[in-house]
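Participant: Pasting a predicted model and its sequence here:
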Amino acid sequence: MNLTNSLTSFLGSATIEASNVDPTVNLPVAASGVFSFMWLLLALPVLGSALLLLLGKRADKWGPIFAVLMVCGAFVVGLFLYFAMLAESANDRPVNLHMWDWILVGNFEAPIGMQLDQLSMVFVLLITGVGGLIHIYSLGYMKDDPDKRKFFGYLNLFIAAMLLLVTADSYLLLYVGWEGVGLASYLLVGFWQYKPAAAVAAKKAFVMNRVGDVGLSIAIMLMFVTFGSVTFTGVFDAAPGASESTMTWIGFALLLAACGKSAQLPLQAWLLDAMEGPTPVSALIHAATMVTAGVYLIVRSGPIFDAAPAARDAVMVVGAATLIFGAIIGAAKDGIKDVLAGSTMSQVGYMILAAGLGPVGYVFAIFHLLTHGMFKANLFLGAGSIMHSMHDQLNMRRFGALRKVMFFTFLTFSSGWLAIMGVPPFSAFYSKDKIIEASFSVNFWGGLAALVGAGITSFYMTRLWTMTFTGKARWTEDNQHPHESPKVMLFPMAVLGLASLAAGFLLAGAIETWLAPVTGFEEGHLPISSLAMESISLTFVLVGGAIAYLQYRRGVPITPPQHVSALTVAARDELYGDAFNEAVFMRPGQWLTRSLVFVDSKAIDGIVNGTSAAVGGLSGRLRRIQTGFARSYALSMLAGAVLLIVALILVRM
Amino acid sequence: MQSFSWLTSIILVPLVGAVVLMLLPAAKTELAKRLALFFSAVPLLMVIAMALQFDADSTAEFQFVESYSWIPTFGISYQVGVDGISLILIALSVILVPLVILAAWNDADDAIGSVKGYFALFLVLETFMIGVFAATDVFLFYVFFEAMLIPVYFLIGRYGGPGRQYAAVKFLIYSLVGGLLMLVALIGLYVASANELGEGTFDFTTLTNLNMDPGTQKLLFLGFFIAFAIKAPLFPFHTWLPDAASASTPGTAVLLVGVLDKVGTFGMLKLCLPIFPAASAFYAPVIIALSVIGIVYGALLAVGQTDLKRLIAYTSISHFGFIGLGIFAMTTQAQSGSTLYMLTHGFSTGALFLIVGFLMTRRGSSLVKDYGGVYRVAPVLAGLFLIAGLSSLALPGMASFISEFLVLVGSFEKYTVAAVIATTGIVFAALYILLMYQRTMTGPVIDSCKKLPDIRGREAVAVIPMLVLLVAIGFYPKPVLDVINPAVDRVMVQVGATDPPPTVQPASESNAEGSEATGEGGAGQ
């Protein structure tokens, strides 16, 4: 045992010189130079949200702009850090900034510290970059909302929590960011609290996420009990010594956490309801960043899943199942945001699938996460732009012909549409195809799911695009003049539109080199050539898209047809995800709660009251006591005192 | 030991205040309130001054010790002193009382009892609460423990709302039953010490060094434990609490649930464990089972409540389950977590009760269905309610998260299944808090809430300090944990428990140390 251990360790340290780096040995060094300022990443949005939320109305005027500046400031800090990191050699890139001792009890230690390595770096840029754009967009989108300041305060809070999540150097501090984004999501989904649906959706998202958080809690506890540490370096350093069964438990617990946050089966049901939030929120939190936190968690925990094959396979299965599940929902929904939400579920499924492939897939999970962050944010902002000009109309059966009146939105949206389908050279062509290839190299069924998913993706996105932009106008009578959105909204859409086009091309190849020192990377081996694989998946994409276009190009009836296949009925109802939760958890839970309330008041309290009635006649006493309870108390005190003295004297004798 | 009798002075100041209040003419209500605030602020300042001189790393078990012979015939003395655990709880008491007085400013204006009486009772209660935490003579502890009942009984029975007399008597009888059992055990303890030492004693430190046989320990332990389990309350001794809390004024409820009940868990940790180590180990599995049941049971019942005060009372039963679990899991993390939990629960529940109180003064009801859309008309009040709720559901970043997580991780080390079941409590906690918030604060504003005013200055001053402390300790718990840890370490030694080591050694260390550690790691699975 020890021999193998030291051997692995020896080989591990030897391989550092080789290009294939073992992530467990690649320890971060203490931050210095530019890196000693990385706390600014957190401090700026924290400051923004604190000022906006605590100053109240005093901050109404300058608050939103201030919030935008804080996020953009964080983005600039991120850029500085990125270039500083670029200047270091690959193995010297991870840095750690210890800020203060947090929890120290016995041998339990959790510091407040940041760890910035290649993996967290790309997240920092994504979060602050896309986050900054969405902040700018919100200046236009939320312009007339009376609670605009609060909205921006919450957005800054979200950015801070999300950055904490990806830069924390321990699982426990990650947990703070993890629930912090959950809180921000709760506040923002329920931003229009006067709408009961929004309030319910916000609560549902938080509670379902808490189910996942049980997993995260248990994982952290297992880590502490097993390794005596909850920091990344502490856990990964000791990971090789743990048994497979322990690692499998930890892996499954982490997967549960990821399912909650990333809306994967079986904890997916909250995401569609979360669309009740303002659309910039959907773009930032429920598409580009927060829902991908589960992917981050799994990729970050690579050394654990590497030692737990069963857990890793489970990750793959969850990802594959959810990517099909979400895509089917997306194909049947009529609300534009619902389709995009189903799509997010499905695309995050791709990432989880890739993360379940191990070192073959980690980098592609992150690659797709980045491109998806851009094109999905783009699509959501486009949807927001449409809603903005259509009196918050969401129903695509009420759209049509919008290309003519919103040409700019049409352009950026089309870029996102081509990107998500994976049409070359748009971004997901690079990232999604890599996942399909990598999946086939590990597991045929996983690959097949990814391939079929690509076809369905193409179908629902083309359906959405066709119903929205082409054909005849099916607008409601009271809104016959949709118009283009203001420039402050168009600018972020333009940037993201370009990113949807170019991100894949720019990152392909480079991302593997960049991430490999942290996540590890192995080339997957396909039985057929890469070109053949690409052709097959492109065929699926084209067929899916063509079917949708041919079916919907002539327009759709304004009321959804009722005589449809059972699958469509099910998909419209989100494949009965809610019905399942209701039948299995909610209704039995309500029944249990109600009967417990009854039991508590009648049985448990009843026994107590009954006993006391039998012994001392509580009911009779109650009546008497109402007239002179002070006296009776004094009496019982006296009795007690007498008893005590007698007892003590007896004992002395 | 030191020139100034800190603890005795802190104990006496509120009592003096109560006497002064009672001497005032009944009509001078405003003066009575101000004096009450003054007499509760003084102990706060004194405790701060005392805490600054507290040496967390001292080798002495108790500091600021004062000892005067009281009834020498029975070895009873007036003896007080503090360690880290009692210091934290005294701090909780002296922080909460002035805040409660501030929040309860107009609570008694229409009560049958006098205004000055109401505030005098708070002050009397404060004296007894500080006394019970400071006592290092078990008999003195008992006296304070029982004496606390008197002011609470009157606070509920004379100043409470509907059902107050039923609730007050129920509280009293429950407590007296517990007290009686404790009294019997106390005498037994005295006999046991007399048998062993030749002369009986109630001195805490001497009692912890007794070598009682396990059979005696088990019997005596039960006497103390049941009294504490009723006070805390642990499942199934809890049914008095929802009645008492819902019949009390919010201010009384805060002190009842926030501090008074902590005497129960404090007693388990500081009396049961050190004096009856063998019995504690023997009963631990049963108590842990009850605690875990309480966590889930209390939470489920909280979900099903229709009255805000009862709802919060049931959340407390769930939280007391966590504290009990942590105490009897007997690891450093769990016990430090439980001690911190006593503090954080006091603040979060205190804030919740007070805010419900503010709602009640506006709307005259504590029923969930009488509220709706309050967020629109009173956003600050709703926001504070949410923050207090988030603390109650142990959101990471709040101090309550640290305490709850420490309890869970510490219990997980020895009682994995119990800890996992307890962890599901975090889902229920999210449910009962957010459901309550959703039903009362969100949605369209219902007619009866349309004119609800937002929070006033005095109310804000009463609640905000608690929330600030919860956030501050959440990110920087070191000052508090530094005080708690040495005291918990001592309890661990007294009870003879140790933390299990990690099953796997870090690769870098095991390579240096040789085969043993790694071999164990492999076998440990």
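Facilitator: Arrived safely, thanks for sending.
Participant: quick check, the helix or strand harbouring A:A311 touching chain B?
Facilitator: Secondary structure assignment for A:A311, by DSSP states H and E: helix A:309-332. No: Helix A:309-332 lies out of reach of chain B by Cβ under 8 Å from any Cβ of the partner chain, never closer than 15.0 Å. Heads up, the C-betas are built off the backbone N, CA and C, glycines and all.
Participant: buried ones in the very next helix or strand once past that helix?
Facilitator: Using DSSP H and E, the helix or strand that directly follows helix A:309-332 along the chain is helix A:336-355. Residues of helix A:336-355 classed as buried by neighbour count (16 or more other Cβ atoms under 10 Å in any protein chain shown): A:336-355.
Participant: that older thread, buried set for the helix holding A:A311?
Facilitator: A:311-332.
Participant: starting at the chain centroid, how far to it?
Facilitator: 15 Å (Cα atoms, centre = their mean, to the nearest Å).
Participant: what mean pLDDT would you report for it?
Facilitator: Helix A:309-332 shows an average pLDDT of 93 in the prediction.
Participant: what angle sits between that helix and helix A:336-355?
Facilitator: For helix A:309-332 against helix A:336-355, the angle by axes from the mean of the first three to the mean of the last three Cα atoms, to 10 degrees is 160 degrees.
Participant: Output stretch B:311-322 as PDB, nothing but the C-alphas.
Facilitator: Output of stretch B:311-322 as PDB, limited to C-alpha atoms (Å, rounded to 0.1, in the frame of the first residue of the first chain):
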ATOM      1  CA  LEU B 311     -44.400  28.400  13.900                       C
ATOM      2  CA  ILE B 312     -41.300  30.000  15.300                       C
ATOM      3  CA  ALA B 313     -41.600  28.000  18.500                       C
ATOM      4  CA  TYR B 314     -41.600  24.800  16.500                       C
ATOM      5  CA  THR B 315     -38.600  25.900  14.500                       C
ATOM      6  CA  SER B 316     -36.900  26.200  17.800                       C
ATOM      7  CA  ILE B 317     -37.800  22.700  18.800                       C
ATOM      8  CA  SER B 318     -36.000  21.600  15.600                       C
ATOM      9  CA  HIS B 319     -33.100  23.800  16.400                       C
ATOM     10  CA  PHE B 320     -32.900  22.500  20.000                       C
ATOM     11  CA  GLY B 321     -32.600  19.100  18.400                       C
ATOM     12  CA  PHE B 322     -29.500  20.200  16.600                       C
END
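Participant: anything in that stretch near chain A?
Facilitator: No: between stretch B:311-322 and chain A, judged by Cβ under 8 Å from any Cβ, nothing touches; the nearest distance is 8.6 Å.
Participant: list the helices and strands the helix holding A:A311 packs on?
Facilitator: On a contact count with 3 or more Cβ pairs under 8 Å, 6 or more residues apart in numbering or on different chains; DSSP states H and E, helix A:309-332 meets helix A:244-261, helix A:302-306, helix A:336-355, helix A:427-442, helix A:444-469, helix A:566-572.
Participant: what about the fifth one, average pLDDT?
Facilitator: Right, helix A:444-469. Averaging pLDDT along helix A:444-469 yields 91.
Participant: Repeat that for the last one.
Facilitator: Helix A:566-572 shows a mean pLDDT of 81 in the predicted model.
Participant: deepest of the helices and strands packed on helix A:309-332, which one?
Facilitator: helix A:336-355 (a mean of 29; mean count of other Cβ atoms under 10 Å in any protein chain shown).
Participant: ok now that helix, how far from the chain's centre?
Facilitator: 11 Å.
Participant: Taking helix A:336-355 as reference, get the angle to the very next helix or strand once past that helix.
Facilitator: Later in the chain than helix A:336-355, the nearest helix or strand by DSSP H and E is helix A:362-389. Here helix A:362-389 runs at an angle of 180 degrees relative to helix A:336-355 (the same axes, to 10 degrees).
Participant: B:A329 is in contact with B:Y415, isn't it?
Facilitator: Yes: using Cβ atoms under 8 Å, B:A329 is in contact with B:Y415, at 5.9 Å.
Participant: got any residues that touch both of the two?
Facilitator: Common contacts of B:A329 and B:Y415, defined by Cβ atoms under 8 Å, 6 or more residues apart in numbering or on different chains, comprise B:I288.
Participant: Between the two, which is the more surrounded one?
Facilitator: B:A329 (29 against 24; other Cβ atoms under 10 Å in any protein chain shown).
Participant: which residues touch that one?
Facilitator: Here B:A329 is in contact with B:284, B:288, B:335, B:407, B:410-411, B:413-415, B:418-419 (criterion: Cβ under 8 Å, 6+ apart).
Participant: now swap in B:A18 and tell me
Facilitator: B:39, B:120-121, B:123-124, B:127.
Participant: So which of the residues you listed belong to helices?
Facilitator: If you go by DSSP state H, these have B:39, B:120-121, B:123-124, B:127 in helices.
Participant: Name only those of those that count as buried.
Facilitator: B:39, B:120-121, B:123-124, B:127.
Participant: ok so, going back, figure out which of the helices and strands packed on helix A:309-332 is closest to chain B.
Facilitator: helix A:244-261 (5.9 Å; Cβ to the nearest Cβ).
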